[in-house]
Structures are given as C-alpha cells and as structure tokens.
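Engineer: Just need the structure, nothing else, for what follows:
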Amino acid sequence: MPKLTSPLPTEEDKALDSTLRPKAWSDFIGQERLKRNLKIIIEAAKKRREPCCEHLLFYGGSGLGKTSLAYIVAKEIDSNIRATSGPAIEKAGDLAAILTNLNEGEVLFIDECHRINKICEEYLYPAMEDFKLNLILGKGPMARTMELKVPRFTLIGATTRLALLSSPLRSRFGAIFQLNFYKIGDIEKIIQRSAKILKVEIEPEALEIIARRSRFTPRVANRLLKRVRDFAQVEGKGVITKEIAKSSLEFLEIDEIGLEPGDRRILETIIKKFNGGPVGLQAIAAAVSEEKDTILDIYEPYLMQLGFIERTPRGRVVSNLAYKHLKISGSQKRLI
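Structural biologist: Predicted coordinates:
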C-alpha cells in the first residue's frame, strides 16, 4: 500500500487533519458547485424555520473533505455534531443509544455508512423518515414491538463505496453529493493555507511541485507538506524552496505526477506479465501481492484519473500514456 500518497487516514493524520480542517465555507477550497448546492439547502431550511435540514450523503475517495463538509454543515445550521462510523454500529441497541441521546436538531455524522450492519440499517429507515425506532423486545411468542420516538435530527452519511450502499438507504437521503478530485490550482491554495497554519514559509515554485505530486487529494497534499517541511528544517533554513521540495520528494520516491513504487509496480506488472492487458483485478492482485480492495480503493482511482489504466468488459488495460510515462516502448509489450 502507498505510504505517503495513500488517501486513507493514519493515526498521525488525525491530529494533522484536526489542525488543518476548514471550519467555514471560506476555508474550504474547491468543490464550488457542491458548496453552492449545500448553501442553498441550508439557507432554504433556515427560511422555513425548520430545526434541521435534509439528510445528506457525501461520497467520493478518502481524503477529499467529506468529514470537513459535515462539520461545516453542522456549524452553518447552528447545531452540534455527533460522529460515529458504520462499523461501530453493530447492534440495534448501539443505534438506539446513539439516536436517543441526540438533542433536537443535532447532526449525526456516520462515516463509512456502507458498512452499517444490515439489521441495524432496517432500524435506521423509520428513524430517518418519521423520527422513531421500532424495537423488537424478546424472542419467539413473547416478542413485542416497542415504538420509541427520537429527536428530529439531520443525518449526514459519508462513503467511499456508493455502490455498496443499499438502495433503500440511499433513497432516504434528501440530497446526494459526489466529491471529485481537486484541480491543481485548488490544491496549491490548500497547501498555501496549510503552510500558513503550520507557520512554515514556502516559495510559489515549491507549491506547484508539491501540488502536482498530491494525487489531487488535500489529505495527501497536507501529508507531503509536512514531510517536506521536515527536510526544510533539517537540510535547509526552514524555508521550503523549489530545490528542497524537489529533492525531498525524489528521496521519498514520489515522481513528478505523484506515483510511488507501488503504482509503477502495478503498471509494469500489467505490461510485462499480461502484455498490457486486458487482465482481471484478481490476477493483478495476485501478481503484485496486494489485496484487491487496496488496488480498487487506493491505486486504481488515481491511475484512472491520469488515464493510465482503462476498465474494459474483459479487464484492466494499460494506456499509451502509461507506456510513455514509464518510458516503455510498445515493442517491449510481451509476456515474461
């Protein structure tokens, strides 16, 4: 798995994300269309004097800002936010405890909501629609149903795998938004803002170098900034210059477009062992000794964004752009 360029959060990232997380719309850079739609939904709810707005679902890759948006929405509707995750809700009792402890108008944020236990999901439907829980007490002939009212709340769900979210749950969200990869210009602004918060001086040329290696993902950009800052403090004068940025990222084996050895190994394996494709995901995973989910969630989205890998009905195919970047000629396509 990529270490520095993986969009998945690490323990070290939690403190960094908390420090650098945008607290208001003005701090959240990029995703302009999405922000505009959210502002309209929130403003409309305020004008109707509703205690909460529609249930919202954010989906997209890790590190794109789903959690940050949830916290900003909660702030904009003047509400507290309670955060949990899909895997943490294992039993109906867990869900009941969370919902009954909410206050009127609060926001419940469920990260990775596609991983909610399917039985618990059934209990969530009436809570989202009618703000009530229908709990079954006891078993067999002695079982009875108890209706439990819960405070009106706004549910914000986040998922990296929209296809794994059941259709009944998806249909109960009032609005669904996709977070896309960021533009290089927006990533540069994010790095500049983060550098200011971290109190590190960075030259404009260095901004572009880090941004182009960030895989269009804010979390990765902030992680790279932190690593380059370390090099600047040890090997430089504390200022992130063009030379420091370039040499430190080369030392970390991150090339000019953000590929790490793991990315290159996948591309070279498809080219050399499978003649450039088409090849199935399972075969690729076995050949490079990686989990299928790791390739699917971490490597492939960015390689597809670059146009290096194409999905076809028969499997994955490496494009001519990848051959050019790896400096492999077409005559080298062969089985080995």
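
Engineer: make it CA atoms for all contacts and neighbour counts henceforth
Structural biologist: Will do.

Engineer: residues of the longest helix that the chain contains that come out buried?
Structural biologist: Looking across the chain with DSSP state H, the single longest helix is helix 218-235. If you call a residue buried by 16 or more other Cα atoms under 10 Å, then helix 218-235 has these buried ones: 218-226, 228-229, 231-232.

Engineer: got TSV for those residues, with pLDDT too?
Structural biologist: Shown next, in TSV, are the buried residues of helix 218-235 (pLDDT from 0 to 100):
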residue	pLDDT
218	92
219	90
220	90
221	91
222	91
223	90
224	92
225	91
226	89
228	90
229	90
231	88
232	88
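
Engineer: sec struct for residue 33, please.
Structural biologist: Here residue 33 is helix, with the state taken from DSSP: H, G, I helix; E, B strand; the rest coil.

Engineer: Break this structure down into its domains, please.
Structural biologist: Following automatic domain parsing, one finds the domains of the chain at 31-178, 184-251, 261-332.

Engineer: Tell me which of those sits most buried.
Structural biologist: When you average the neighbours per residue for each of these (mean count of other Cα atoms under 10 Å), domain 184-251 leads with a mean of 20.

Engineer: Now find how far off-centre the strand or helix carrying residue 126 is within its chain.
Structural biologist: Taking DSSP states H and E as the definition, residue 126 sits inside helix 118-130. Per Cα atoms, centre = their mean, to the nearest Å, the displacement of helix 118-130 from the mean C-alpha position of its chain is 25 Å.

Engineer: List of residues touching it?
Structural biologist: Residues outside helix 118-130 that contact it (Cα atoms under 8 Å, 6 or more residues apart in numbering): 55, 89-92, 95, 132-135, 150, 155, 169, 172.

Engineer: now these as JSON lines including distance to residue 37, secondary structure and pLDDT?
Structural biologist: Compiled in JSON lines, these are given as follows (distance: Cα to Cα, whole Å; DSSP: H, G, I helix; E, B strand; the rest coil; pLDDT from 0 to 100):
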{"residue": "55", "distance to residue 37": "14", "secondary structure": "coil", "pLDDT": "91"}
{"residue": "89", "distance to residue 37": "30", "secondary structure": "coil", "pLDDT": "87"}
{"residue": "90", "distance to residue 37": "33", "secondary structure": "coil", "pLDDT": "84"}
{"residue": "91", "distance to residue 37": "34", "secondary structure": "coil", "pLDDT": "83"}
{"residue": "92", "distance to residue 37": "33", "secondary structure": "helix", "pLDDT": "79"}
{"residue": "95", "distance to residue 37": "30", "secondary structure": "helix", "pLDDT": "85"}
{"residue": "132", "distance to residue 37": "29", "secondary structure": "strand", "pLDDT": "85"}
{"residue": "133", "distance to residue 37": "31", "secondary structure": "strand", "pLDDT": "80"}
{"residue": "134", "distance to residue 37": "33", "secondary structure": "strand", "pLDDT": "76"}
{"residue": "135", "distance to residue 37": "36", "secondary structure": "strand", "pLDDT": "71"}
{"residue": "150", "distance to residue 37": "28", "secondary structure": "coil", "pLDDT": "85"}
{"residue": "155", "distance to residue 37": "17", "secondary structure": "strand", "pLDDT": "91"}
{"residue": "169", "distance to residue 37": "21", "secondary structure": "helix", "pLDDT": "89"}
{"residue": "172", "distance to residue 37": "18", "secondary structure": "coil", "pLDDT": "88"}
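
Engineer: for the stretch 101-250 of the chain, what spans make up the helices?
Structural biologist: With helices called from DSSP state H, counting those that start in this stretch, the stretch 101-250 of the chain shows them at 118-130, 167-170, 184-197, 204-212, 218-235, 242-251.

Engineer: just so I know, which of those lies nearest residue 284?
Structural biologist: Among these, helix 218-235 comes nearest to residue 284, with 24.8 Å by Cα to Cα.

Engineer: could you give the angle of that closest one to helix 242-251?
Structural biologist: 110 degrees (axes from the mean of the first three to the mean of the last three Cα atoms, to 10 degrees).

Engineer: what packs against helix 218-235?
Structural biologist: Other helices and strands packing on helix 218-235, by 3 or more Cα pairs under 8 Å, 6 or more residues apart in numbering; DSSP states H and E, are helix 184-197, helix 204-212, strand 239-240, helix 242-251.

Engineer: For the first one, list the C-alpha coordinates in CSV.
Structural biologist: Okay, so that is helix 184-197. C-alpha atoms of helix 184-197 as CSV (Å, rounded to 0.1, in the frame of the first residue of the first chain):
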residue,chain,number,x,y,z
ILE,A,184,-4.0,21.7,-9.2
GLY,A,185,-4.8,25.3,-8.6
ASP,A,186,-7.1,24.5,-5.7
ILE,A,187,-4.5,22.1,-4.2
GLU,A,188,-1.9,24.9,-4.3
LYS,A,189,-4.3,27.2,-2.4
ILE,A,190,-4.9,24.4,0.2
ILE,A,191,-1.1,23.9,0.6
GLN,A,192,-0.6,27.6,1.0
ARG,A,193,-3.3,27.8,3.7
SER,A,194,-1.9,24.8,5.5
ALA,A,195,1.6,26.2,5.4
LYS,A,196,0.3,29.4,7.0
ILE,A,197,-1.4,27.5,9.8
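
Engineer: show me where pLDDT drops low in the stretch 51-200 of the chain?
Structural biologist: Across the stretch 51-200 of the chain, the ranges flagged by pLDDT under 70 are 51-52, 136-144.
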